[in-house]
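[1] Provided below are the primary sequence and the corresponding predicted coordinates.
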Amino acid sequence: MRSDYCGDLGVDDVGRKVTLCGWVARRREHGASLAFVDLRDRSGFVQCVVDGAADLRSEYVVRVTGTVRLRPEGTENPALPTGAVEVGQCTVEVLSAAEPPPFPLSEHVDVDENQRLRYRYLDLRRERLQRNLRLRAAVNSAVRTAMERQGFLELETPLLIASTPEGARDFVVPSRLKPGSFYALPQSPQLFKQLSMVGGLDRYYQIARCLRDEDLRADRQFEFSQLDVEASFVDAVDIRRFVTEAVLAAAETVTGERPSFLPDLTWHEAMERFGSDKPDVRFGMELVELTPLFASTTFNAFRAPCVKAIREPQGAVQRSRKQLDDLVEQAKRWGAKGLVWMRVESDGTVASPVAKFLDESELRGIVEATGAEAGDLVLVVADERPLVRHVLGLLRLNLGRPPVNEGGLHFLWVVDFPLFEGIDPETGGPVPAHHPFTMPHPDDLAGLGGPGEPVPPADVLLGARSQAYDLVLNGWELGSGSVRIHRREVQSRIFELLGIGAEEAQRKFGFLLDAFRYGAPPHAGFAFGIDRLVALLAGEENIREVIAFPKTQSGQDPLTNAPGEIDERQLRELGLRVLPRT
């Protein structure tokens, strides 16, 4: 029906007769019978000069035939890729009339998100979403090419599986053929990709659809896509190299440049310097250790296991006393007992509500340790180390984090995560930081003991590292992975430490454990969120802007009114009964 796309026309096409199809984006009268019509399709816009265009309205679907010509001198539009040309001597065929849309489709008009999602098929016509979804397709293509170039085989894993513990709630699907039984939708293909390694497939990848019933936020949806990777006879460095290649290929496809990765950070270093295991390193304001400075202090508030500070350049100049009080209250809401602020004056002295309780060497030590200068603001928290890191890490982001589309792309790997994240006060056993198939760090493995041996002390358990690693971009966790346990005695010991008996392990993971009895190769894997990567490459703060049909923050779909009720006949077929709401 057409010879060209609107956005592809340029000066090289002058004099050529073309046929275009698309939507009427704008129509401007020029005299009694002449109109300028901006025609839009997926490639962009072009101006068409139409005689007798009175019947054309916004969002009409039309077919235009005319001749490409240069715009008259002085009327060019440099903001448009096609702004040097127009299509004249046009004939127009209306293919479909349209009612006025419920909201303007211009990029310059803000529209309520519920309205946008209710009429998502109209929202998708807007240039922003068209651009984002084209970008997403380019990222997927680059990722696939990079993985296949590295010898990976694309496999598909099932969507109807057994429920397994993965850290979030499952979405479940009732079985019609076996009433009272349920499938679960996969939170990830974790167990199946490990089984493919046992099956000798060696290198697997998939752009997998995953589903998790968890609270939604800017970087999380019920449904999401991830690059899922698993490989045999590799170590953690190999996996990171494979994934790095795919990520850099995707970024280069979008930006035209190949970014570089920052040096790896250990989990401990990330937490100590940034207060986060997904550090945003686009700006400074790193956490500064002050604990030794106050080892003998007489100020009780600073006689704590950990004292740290952050410095906000020129924060003392920019922030009022009320704003400082608000920061104190915010720190308390995050769990701190308090927050001490200090202003560095022009003469180098320190002004603070607690200055009178600190001696001169302590005040001078704070200034020297933080590198504070006149006009800077220093914020100090003293408490247990995890809490101090948490509160100052949040304050750092709150005060200094730039918008998502500023500061460039800063990729890094965070490695050597703890194997356990705490001790359960009820059971006294360790709480796993990852799934129970994560291989301990080789230097810490012996300290965990073997099957049947006594449980090590808490400090040994909490000091044990795992061979787990996260990919971070601009403060967003793109994904996680680990070297897997493939040795039966190690797996038995980890289950034992977690309080998972043989019967429970067989019930939850039997099909994987059974497979491991027949020769499991050493293997490792990773998965990162396609939605998150695309959002950051597109400069978007919310992944909903790079998903064609997303859910709202409350998990609703205003377009289809999902989730909704099903009728009594379907319930009977499934052997279900809906209980009254309480």
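    Structure received.

[2] switch to C-alpha atoms for all contacts and neighbour counts from now on
    Noted.

[3] so after the helix ranked longest in the chain, what's the next helix or strand?
    Looking across the chain with DSSP state H, the single longest helix is helix 127-149. For helix 127-149, the following helix or strand on the C-terminal side (DSSP states H and E) is strand 153-154.

[4] how about the spatially closest residue to residue 496 that is not a sequence neighbour, what does it touch?
    Nearest in space to residue 496, with sequence neighbours left out and distances taken as Cα to Cα, 6 or more residues apart in numbering, is residue 451 at 7.2 Å. Counting by Cα atoms under 8 Å, 6 or more residues apart in numbering, residue 451 touches 489-490, 492-493, 496.

[5] which residues touch the longest helix of the chain?
    42, 44, 107, 123-124, 154, 205, 207, 242, 245-247, 249-251, 253-254, 530, 534, 538, 545-548.

[6] in that helix, what counts as buried?
    127, 129-133, 135-136, 138-140, 142-144, 146-147 (16 or more other Cα atoms under 10 Å).

[7] can you name every helix or strand that the helix or strand harbouring residue 537 contacts?
    Using DSSP H and E, the element containing residue 537 is helix 530-538. The contact analysis (3 or more Cα pairs under 8 Å, 6 or more residues apart in numbering; DSSP states H and E) places helix 530-538 against helix 127-149, strand 223-232, helix 236-255, strand 476-483.

[8] make a markdown table from the ones you listed and add distance to residue 184 and mean pLDDT to it.
    Formatted as a markdown table, those follow (distance: least, Cα to Cα, whole Å; pLDDT from 0 to 100):
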| stretch | distance to residue 184 | mean pLDDT |
| --- | --- | --- |
| helix 127-149 | 26 | 97 |
| strand 223-232 | 14 | 97 |
| helix 236-255 | 28 | 97 |
| strand 476-483 | 22 | 96 |
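
[9] which among those is found nearest to residue 171?
    strand 223-232 (10.3 Å; Cα to Cα).

[10] quick one: the closest one to helix 236-255, angle?
    Inter-element angle recorded for strand 223-232 and helix 236-255: 140 degrees (by axes from the mean of the first three to the mean of the last three Cα atoms, to 10 degrees).

[11] residue 468 reaches residue 433, doesn't it?
    No - between residue 468 and residue 433 there is no contact under Cα atoms under 8 Å: 9.6 Å.

[12] higher neighbour count, the two?
    Counted by other Cα atoms under 10 Å, residue 468 and residue 433 do not tie: residue 468 has more neighbours, with 27 against 15.

[13] need the pLDDT of that one.
    On pLDDT, residue 468 comes in at 97.

[14] contacts only, for it.
    236, 415-417, 438-439, 480-483.

[15] most neighbours, which of those?
    residue 482 (29 neighbours).

[16] contacts only, for it.
    236, 438-439, 466-469, 524-526.

[17] quick check: closest non-adjacent residue to it.
    residue 468 (4.0 Å).

[18] ok, the one you found to residue 440 distance?
    8 Å (Cα to Cα, to the nearest Å).

[19] and what of residue 150?
    Counting by Cα to Cα - residue 150 and residue 440 are separated by 27 Å.

[20] give me the more crowded residue out of these two.
    residue 440 (26 against 13).

[21] run a quick neighbour tally on residue 275.
    Residue 275, neighbours per other Cα under 10 Å, totals 26.

[22] need the contact list for residue 177.
    Per Cα under 8 Å, 6+ apart, neighbours of residue 177: residue 574.

[23] that one belongs to a strand?
    No - Residue 177 sits outside any strand when classified using DSSP: H, G, I helix; E, B strand; the rest coil, being coil.

[24] next, the buried residues of stretch 52-59.
    Using 16+ other Cα under 10 Å as the test for burial, stretch 52-59 gives 53, 56-59.

[25] any chance of those in a markdown table, with secondary structure and distance to residue 115 too?
    Shown next, in a markdown table, are the buried residues of stretch 52-59 (DSSP: H, G, I helix; E, B strand; the rest coil; distance: Cα to Cα, whole Å):
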| residue | secondary structure | distance to residue 115 |
| --- | --- | --- |
| 53 | coil | 30 |
| 56 | coil | 25 |
| 57 | coil | 22 |
| 58 | coil | 19 |
| 59 | coil | 18 |
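
[26] which strands or helices does the worst-scoring helix or strand of the chain on mean pLDDT pack on?
    Here the helix or strand of the chain ranked lowest by mean pLDDT, DSSP states H and E is helix 502-516, holding a mean of 87. If you count contacts as 3+ Cα pairs under 8 Å, 6+ apart, helix 502-516 packs onto helix 190-198.

[27] mind giving me the packing neighbours of the helix it packs on?
    Looks like helix 190-198 contacts strand 203-211, strand 223-232, helix 502-516 (3+ Cα pairs under 8 Å, 6+ apart).

[28] and these: which comes nearest residue 411?
    Taking the helices and strands packed on helix 190-198 one by one with Cα to Cα, strand 223-232 is closest: 16.5 Å.

[29] output the closest one in PDB with nothing but the alpha carbons.
    As requested, the backbone C-alpha atoms of strand 223-232 are provided in PDB (Å, rounded to 0.1, in the frame of the first residue of the first chain):
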ATOM      1  CA  GLU A 223       6.000  -9.700  34.400                       C
ATOM      2  CA  PHE A 224       9.500  -9.000  33.300                       C
ATOM      3  CA  SER A 225      12.100 -10.200  30.800                       C
ATOM      4  CA  GLN A 226      15.600 -11.200  31.600                       C
ATOM      5  CA  LEU A 227      18.700 -12.500  29.800                       C
ATOM      6  CA  ASP A 228      19.200 -15.900  31.400                       C
ATOM      7  CA  VAL A 229      22.600 -17.500  31.100                       C
ATOM      8  CA  GLU A 230      24.200 -20.800  32.300                       C
ATOM      9  CA  ALA A 231      27.400 -22.500  31.200                       C
ATOM     10  CA  SER A 232      29.400 -25.600  32.200                       C
END
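
[30] and that strand, how far out from the chain middle?
    Relative to its parent chain, strand 223-232 has a centroid offset of 14 Å by Cα atoms, centre = their mean, to the nearest Å.

[31] which helices and strands sit right next to that strand?
    helix 190-198, strand 203-211, strand 523-529, helix 530-538.

[32] can you get me a residue count around the nearest residue to residue 96 once chain neighbours are set aside?
    Spatial nearest neighbour of residue 96, chain neighbours left out: residue 61 (4.9 Å); criterion: Cα to Cα, 6+ apart. A total of 22 residues lie near residue 61 under the criterion other Cα under 10 Å.

[33] would you verify that residue 308 is located in a strand?
    Yes - counting by three-state DSSP, residue 308 falls inside a strand.

[34] right, and it touches residue 292 too?
    No - in this structure, residue 308 is not within contact of residue 292 by Cα under 8 Å, at 10.2 Å.
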